[in-house]
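1. sequence first, then the predicted structure:
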Amino acid sequence: MFDIAIIGGGTAGLTAAIYGARAGKNVAVFESTAVGGQILNSSAIDNYPALPHISGLAFGQSLEKQARDLAVAFIFEEVSGIVGDFGDFRISTEDGEYHAKTLILACGTIPRKLGLANEARFEGRGVSYCATCDGAFFKGKTVAVYGGGDTALHEANYLADVATKVYVINRSSKLRANPQLITSAKQRDNIDFWLDAEIVDLLGESHLEELVLKDGRKLSVSALFVAIGRVPFGSRLIAGLDLDEHGFVCAKSDCKTKLKGVFVAGDLRTKELRQLVTASADGAVAATSAVDLLNLA
Amino acid sequence: MSIKDVNQANFDEVVLRSTLPVLVDFNAEWCPPCQALHPILVELSDEADSFEIVSVDIDESPELAEQFDVSSIPCLVAFKDGAEFERMVGLKPKAKIIKMMEKA
């Protein structure tokens, strides 16, 4: 029986693990892939206090080491569901069942997909959700980025150094990204903007070859980088939580959910600013609340 | 233990002519999730005796990436008897990788 089970080994989850373990609690982190979370994909972090330019990988690995040094248990299994109440939550994975007195949900978000019929067929064959991971395959090719937010514009600027031509396709006429990013993209002579344009189909034989837009236009590309936001992950692992209209778990900055003994930390929580620093803050708050509750019981 | 590097020159011998199934990890130095996957594969290669794990750096062997249509990394391609039988793209947990190799 763990005192605190944390679902998700990203920044929020690992910070919670550090706080929980330092308070003397028996803590487990459940992670289905590798520890570190979304930040692993960032080549450099420029907005985390006191660690300018640190790579996402170095940040994630350092957090993991800090938690491991405190004897946090890591369980590399995918959680399929959780039942029970404060004092005895039963966590099911593909390989077994675990028990914990309190829960911290820190599963974060995953990239929003296009929702097109051919999308899965072209994943890894031209359709990508991570330009820093896959951009280098398209040296000297024509590529497109779908989206108008910070991630999309970051990716367009990154890809402009690699690809011959980058199209930024956005559904609305207005780009939501930070003005600085838009300005730098507009200064690149190999980035073209197609605004008010919606992708409705993907075509190709074994590899993506063409995008079909709603107005009937077609665009030949070797790759499409999808950057249309992210959706919450894992908010339905346990029944009875309040979710907002997008599926994020409702909780104020105290990270307490409607269910006693269940806390939510990081990007999965309803909040204004989803950043590394707010994920860390949530992890600390959630773990401290869990520790307080355990000490009272 | 480390994972053996393969390239265009020894791919046929090490992967395609192997008597055991082989898991090929297509990766690159600049790819953060590949770096995160690496220790998982090292651990797995120490434990698994029914298959081998090798690594292909796609910058050193772009022709192999092209030959096997890899355009997203990390990409784990599973081979048996000289042919691909399954693949997975992205960071995956150890248990999923083992499940894929059990299909060999």
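-> Nice, I can see it.
2. straight-line length of stretch A:116-126, end to end?
-> Stretch A:116-126 has its terminal residues 14 Å apart, counting by CA to CA, to the nearest Å.
3. quick check: buried residues in it?
-> By neighbour count on 16 or more other CB atoms under 10 Å in any protein chain shown, the buried set for stretch A:116-126 is A:116, A:119, A:122-126. Where C-beta positions appear, they are placed from N, C-alpha and C, glycine not excepted.
4. just name the closest of those residues to chain B, please.
-> A:Gly124 (3.9 Å; CB to the nearest CB).
5. quick one, helices of chain B?
-> Listed in chain order, the helices of chain B (DSSP state H) span B:11, B:32-47, B:62-67, B:94-102.
6. which of those sits most buried?
-> helix B:11 (a mean of 21; mean count of other CB atoms under 10 Å in any protein chain shown).
7. residues from chain B in reach of chain A?
-> With CB under 8 Å from any CB of the partner chain as the criterion, chain B meets chain A at residues B:28, B:30-33, B:35-37, B:40, B:58-59, B:65, B:69-73, B:75, B:87, B:89-96.
8. let's see 10 Å
-> Residues of chain B found near chain A (CB under 10 Å from any CB of the partner chain) are B:28, B:30-40, B:43, B:58-59, B:62, B:65-66, B:69-75, B:87-96, B:99.
9. now do the closest residue in space to A:Arg188 that isn't next to it in sequence against A:Ala131, distance only.
-> Closest residue to A:Arg188 apart from its sequence neighbours, by CB to CB, 6 or more residues apart in numbering or on different chains: A:Ala160 at 4.6 Å. Computed as CB to CB, to the nearest Å, the A:Ala160 to A:Ala131 distance reads 10 Å.
10. so these two - more neighbours on which side?
-> Shown here are A:Ala160 and A:Ala131; by other CB atoms under 10 Å in any protein chain shown, A:Ala131 has more neighbours (27 against 22).
11. I'd say the more buried one and A:Phe225 touch.
-> Yes. With contact defined as CB atoms under 10 Å, A:Ala131 reaches A:Phe225; the gap is 4.8 Å.
12. what do the two both touch?
-> Jointly contacting A:Ala131 and A:Phe225 under the rule CB atoms under 10 Å, 6 or more residues apart in numbering or on different chains are A:138, A:143, A:145, A:151-152, A:155-156, A:158-159, A:163, A:166.
13. between those, which is nearest B:Val22?
-> A:Phe138 (27.5 Å; CB to CB).
14. quick one: A:Tyr167 is in a strand?
-> Yes. Using DSSP: H, G, I helix; E, B strand; the rest coil, the assignment for A:Tyr167 is a strand.
15. contacts only, for it.
-> Counting by CB under 10 Å, 6+ apart, A:Tyr167 touches A:142-146, A:156, A:159, A:190-194, A:197, A:211, A:219, A:221, A:224.
16. partner residues bridging it?
-> Bridge pairing for A:Tyr167 (DSSP bridges) gives the partners A:Ala144, A:Asp192.
17. which residue comes closest to the most centrally placed residue in chain B once chain neighbours are left out?
-> The centroid of chain B falls nearest to B:Val24 when counting by CA atoms, centre = their mean (1.7 Å). Leaving aside its sequence neighbours, B:Val24 sits nearest to B:Val77 (CB to CB, 6+ apart; 4.8 Å).
18. does the one you found touch B:Asp69 like I think?
-> Yes. Counting by CB under 10 Å, B:Val77 touches B:Asp69, with 9.5 Å between them.
19. okay, the residue most central in space within chain A: pLDDT?
-> The residue lying closest to the centre of chain A (CA atoms, centre = their mean) is A:Thr109, at 3.8 Å. Confidence at A:Thr109, expressed as pLDDT, is 95.
20. residue contacts, it?
-> Shown in contact with A:Thr109 (CB under 10 Å, 6+ apart): A:10, A:37-38, A:229-235, A:246-248, A:266-268, A:274.
21. remind me, longest helix of chain A?
-> Longest helix in chain A by number of residues (criterion: DSSP H): helix A:276-296.
22. what helix or strand does A:Leu202 sit in?
-> A:Leu202 is part of strand A:199-203 when elements are defined by DSSP states H and E.
23. partners of that strand in the sheet?
-> Partners of strand A:199-203 in the sheet, by DSSP bridges, are strand A:210-213 (antiparallel).
24. what does the strand it pairs with rub up against?
-> The contact list for strand A:210-213, computed with CB under 10 Å, 6+ apart, reads A:116, A:118, A:144, A:146, A:167, A:169, A:194, A:196-204, A:217-221, A:224.
25. derive a ChimeraX selection command for the buried subset of those.
-> Applying 16+ other CB under 10 Å to the contacts of strand A:210-213 leaves a buried subset, and the ChimeraX line that selects it is:
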select /A:116,144,146,167,169,194,197,199,202,204,219,221,224
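26. up against chain B, what does the stretch 151-297 of chain A have?
-> Counting by CB under 10 Å from any CB, the stretch 151-297 of chain A comes close to chain B at A:206-208, A:222-223.
27. I'd say A:Thr102 and A:Ile91 touch.
-> No. Counting by CB under 10 Å, A:Thr102 stays clear of A:Ile91, with 11.6 Å between them.
28. overlap in contacts of the two?
-> Taking CB under 10 Å, 6+ apart as the criterion, A:Thr102 and A:Ile91 both touch A:2, A:5.
29. without its sequence neighbours, what residue ends up closest to residue 64?
-> All of this is about chain A. Here the residue nearest A:Glu64, using CB to CB, 6+ apart, is A:Val35, at 4.4 Å.
30. ah, I was thinking of chain B
-> Sequence neighbours aside, B:Val56 is the residue nearest to B:Leu64 in space, at 5.4 Å (criterion: CB to CB, 6+ apart).
31. same check on A:Asp88?
-> In space, and not counting its chain neighbours, A:Asp88 is closest to A:His99: 5.9 Å by CB to CB, 6+ apart.
32. A:Leu63 is in contact with A:Gly36, correct?
-> Yes. Counting by CB under 10 Å, A:Gly36 touches A:Leu63, with 7.1 Å between them.
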